[in-house]
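In: this one's structure only:
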């Protein structure tokens, strides 16, 4: 079963079980996927859907930060719940140790020696481990290893 089919099945299940938060979050995700399909006139692969989910999670995390600073715990909780639901569809994320090992390998492959080479590392890392780690984590790890 493709990721798209799984999400659509989970929407139906959430509707039947009256899980309003999950239903609404998955509908938002489905809407984002349909928007991309219409705009780009293509059928989405699982990799495309994972990128969309990552983008949605990142948006939720950014919103959570802003709501926390503004003292809006009610909105923070909604965003946190949506992010948690979206993350269940992402592949298991790399641990810090696994991420460091992967970044070390990439640094060796692209012959990076200083922080000026961070772009090379990010490009290679996004291709090889993009779905397994968030870009922010990859960047922080690479900077730490280069300095």
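Out: Received it, and whenever you're ready, just let me know what you need. Computed from a predicted model, the values in this text were never measured in an experiment.
In: which residue is nearest the middle of this protein?
Out: The chain has residue 54 as the residue nearest its centroid, 2.0 Å off, counting by C-alpha atoms, centre = their mean.
In: distance of the residue of the chain most remote from its centre from residue 143?
Out: Most distant from the centre of the chain: residue 113, at 28.4 Å, with distances by C-alpha atoms, centre = their mean. Computed as C-beta to C-beta, to the nearest Å, the residue 113 to residue 143 distance reads 13 Å. Placement of C-beta: from N, CA and C, glycine included.
In: residue 37 now?
Out: For residue 37, the distance to residue 143 equals 36 Å [C-beta to C-beta].
In: how about the residue farthest from the centre of the chain, secondary structure?
Out: Here residue 113 is coil, with the state taken from DSSP: H, G, I helix; E, B strand; the rest coil.
In: ok, it - contacts?
Out: The neighbourhood of residue 113, defined by C-beta atoms under 8 Å, 6 or more residues apart in numbering, consists of residue 146.
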